[in-house]
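model this:
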Amino acid sequence: MDSREYLIELRNDTGMSRKEFCAYFEIPYRTLQDWELGNRKMPDYLLRLMAYKIEMEKLAGNNKVERNGDNDHDR
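Below is the predicted model of the structure:
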């Protein structure tokens, strides 16, 4: 599985739309779209960090990953 396929699977596993996923990770929509379409290659380290963050949120008891991109509600 290449990084493009893994990214799509990771996003689908969260149940987020592209827009929600971008807001959650604070990345531009067009960037994610280009990564998923294969127009640009996503850095492997970034993909690993995204997967790690999602997994840690699940282990911390956040069964549903925040969809608005804002985990700090006191801002």
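
Every contact and neighbour count from this point should use C-alpha atoms.
Fine.

Find me the pLDDT at residue 5, would you?
Looking at residue 5, its pLDDT reads 95.

I should have written residue 50 there, sorry.
Looking at residue 50, its pLDDT reads 96.

Likewise for residue 62?
Residue 62 is assigned 66 on the pLDDT scale.

And for residue 59?
At residue 59, the predicted lDDT confidence score is 82.

start at 534 instead
Happy to do that; since the first residue is 534 now, the last one works out to residue 592.

Please tell me how far it sits from residue 559.
Between residue 592 and residue 559 the distance is 22 Å, computed by CA to CA, to the nearest Å.

what comes up buried for the longest helix belonging to the chain?
Looking across the chain with DSSP state H, the single longest helix is helix 577-592. If you call a residue buried by 16 or more other CA atoms under 10 Å, then helix 577-592 has these buried ones: 580, 587.

Which strands and helices lie in contact with it?
In terms of contacts (3 or more CA pairs under 8 Å, 6 or more residues apart in numbering; DSSP states H and E), helix 577-592 is packed against helix 536-547.

and the angle for the helix it packs on with helix 577-592?
Helix 536-547 runs at 20 degrees relative to helix 577-592, counting by axes from the mean of the first three to the mean of the last three CA atoms, to 10 degrees.

Report the central residue of the chain.
residue 554 (5.0 Å; CA atoms, centre = their mean).

That concludes my questions; thank you for your assistance.
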